[in-house]
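> Mind folding the following:
(one chain, ligands or ions: 2)
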Amino acid sequence: MMKICIYGAGAIGCYIGGRLRASGSHVSLIGRARIGDELRQHGLSLSDYRGQRWHVEPNAIVFATDVSAAQDADLVLVTVKSAATAAAAAELADVLKPNAIVISFQNGLSNTDVLHRALPHHTVLEGMVPFNVVHDGHTFHQGSEGELEVREHAGLYAFLADFKRAGLPLIEHFDMLPIQWAKLLLNLNNSINALANLPLKTELSQLDYRRCLALAQREALTLLRAAKIEPAKLTPIPAHWIPRLLNVPDLLFTRLGAKMLTIDPQARSSMSDDLAAGRMTEVDWINGEVVRLAQQLGREAPVNARLIELIHRAERSEIRPSWKGSELLAELLIAGPGTDRL
Ligand SMILES: NC(=O)C1=CN([C@@H]2O[C@H](COP(=O)(O)OP(=O)(O)OC[C@H]3O[C@@H](n4cnc5c(N)ncnc54)[C@H](OP(=O)(O)O)[C@@H]3O)[C@@H](O)[C@H]2O)C=CC1
Ligand SMILES: CC(C)(CO)C(=O)C(=O)O
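Ligands and ions are numbered 1, 2, ... in the order given. The predicted structure follows:
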């Protein structure tokens, strides 16, 4: 049986690894001691937004706090936060089998490049996780829908059955860049959600927060057009129409944006989880990509730049900020385009 290793046993890693293990795949997890202790005591409990549940008993879990667990892996799924990718890549370079395949199931655009630089002779593939996972109590809960996307590669054939059996089929794509950008556009809400300090559903139900997201997305979409990058369609409507949908009044949004609100009522963005845990966030890998694209084009991205500043300020602060929608919107309008772009 092919061996799958999860490097980064957190929300995404434990969920995907747990689903694969629950359906009989050979899985090992690399993570922190606190997660290892939790899994040894309680096993791995998983649930999803459809009410399905899975459980893996403690004695069926292979968990390590160091990279040695990756040395016999045929496939490694990297699920650490972006700031930890370089360290993970350097460790993997010491132990990986020559023919092992690596998939980055991380947000942002640059994690595969970081992995590639440290693993130049390995196959490193871009992956994308569309759904939210919350680590709630001792359960890893998938709070929204969507399928795993990955760059097409012949070497993946040996693993397709594992993911299908787990109910998480891999959808392969020739070019992942349009998909990564489309996901990044949605992830521009991560910083807004973290600053709002509210569940995603509550936040997205309020027009002022949606206007903040529309500003950040419009700025990114203008740059993408200039760079001739067409984001993929990950939602019922194309990426270019989403800012217009976000700007409709609340009552209309509950109907027209119902899909965006189909999310567990407690779910928050991974960036919000990072702020809550006092960790460094991925804002430089998400909004930071928009600012870097602007710089490459000789332009500016003031709305996304301001969101980065606000998140960095929140990372340094002892007190967790809870921005009201109207206040955050005013802040972004001052930084950026003025009220004419609302
Ligand atoms: N959570 C979500 O709903 C979603 C997340 N994503 C993306 O998936 C990726 C993973 O996110 P998420 O699962 O939330 O992250 P988590 O922080 O929950 O999980 C990552 C885990 O890896 C651990 N880790 C980091 N470095 C090491 C190391 N060297 N050795 C052992 N363990 C290590 C971290 O520990 P520590 O914190 O102590 O460093 C943490 O427990 C991110 O890029 C995120 O943007 C995508 C879609 C949804
Ligand atoms: C699923 C989504 C878009 C929102 O939770 C996410 O990617 C994240 O939280 O990082």
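> Put the alpha carbons of stretch 301-320 into CSV.
Listed next in CSV are the C-alpha coordinates belonging to stretch 301-320 (Å, rounded to 0.1, in the frame of the first residue of the first chain):
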residue,chain,number,x,y,z
ALA,A,301,-2.5,48.3,-4.2
PRO,A,302,-3.4,50.6,-1.3
VAL,A,303,-6.4,48.7,0.0
ASN,A,304,-4.6,45.4,0.3
ALA,A,305,-1.5,47.2,1.7
ARG,A,306,-3.7,48.8,4.4
LEU,A,307,-5.2,45.4,5.3
ILE,A,308,-1.6,44.0,5.7
GLU,A,309,-0.7,46.9,8.0
LEU,A,310,-3.8,46.4,10.1
ILE,A,311,-3.2,42.7,10.4
HIS,A,312,0.4,43.2,11.4
ARG,A,313,-0.7,45.7,14.0
ALA,A,314,-3.2,43.2,15.3
GLU,A,315,-0.4,40.5,15.4
ARG,A,316,1.7,42.8,17.7
SER,A,317,-1.2,43.9,19.9
GLU,A,318,-2.0,42.3,23.2
ILE,A,319,-5.7,43.0,22.7
ARG,A,320,-7.6,41.4,19.8
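> could you give the mean pLDDT of that stretch?
The pLDDT scores in stretch 301-320 average 97.
> Pull out the buried positions in that stretch.
Residues of stretch 301-320 classed as buried under the neighbour-count rule (16 or more other C-beta atoms under 10 Å) are 301-308, 310-311, 314. Quick note: C-beta positions are derived from backbone N, CA and C, even for glycine.
> Helix or strand with the lowest mean pLDDT in the chain?
Least confident helix or strand, the chain: strand 133-136 with a mean of 93, by mean pLDDT, DSSP states H and E.
> Tell me the helices and strands packed up against it.
Contacts defined by 3 or more C-beta pairs under 8 Å, 6 or more residues apart in numbering; DSSP states H and E place strand 133-136 against helix 11-22, strand 139-142.
> tell me the phi and psi of Pro120?
Dihedral angles of Pro120 (phi, psi; degrees, to the nearest 10) stand at phi -60, psi -20.
> any idea which helix or strand carries Asp113?
Using DSSP states H and E, Asp113 sits in helix 111-118.
> which bits of the stretch 51-200 of the chain sit near ligand 1?
Residues of the stretch 51-200 of the chain lying close to ligand 1 (C-beta under 6 Å from any ligand atom) are 79-82, 84, 87-88, 106-107, 129, 132-133.
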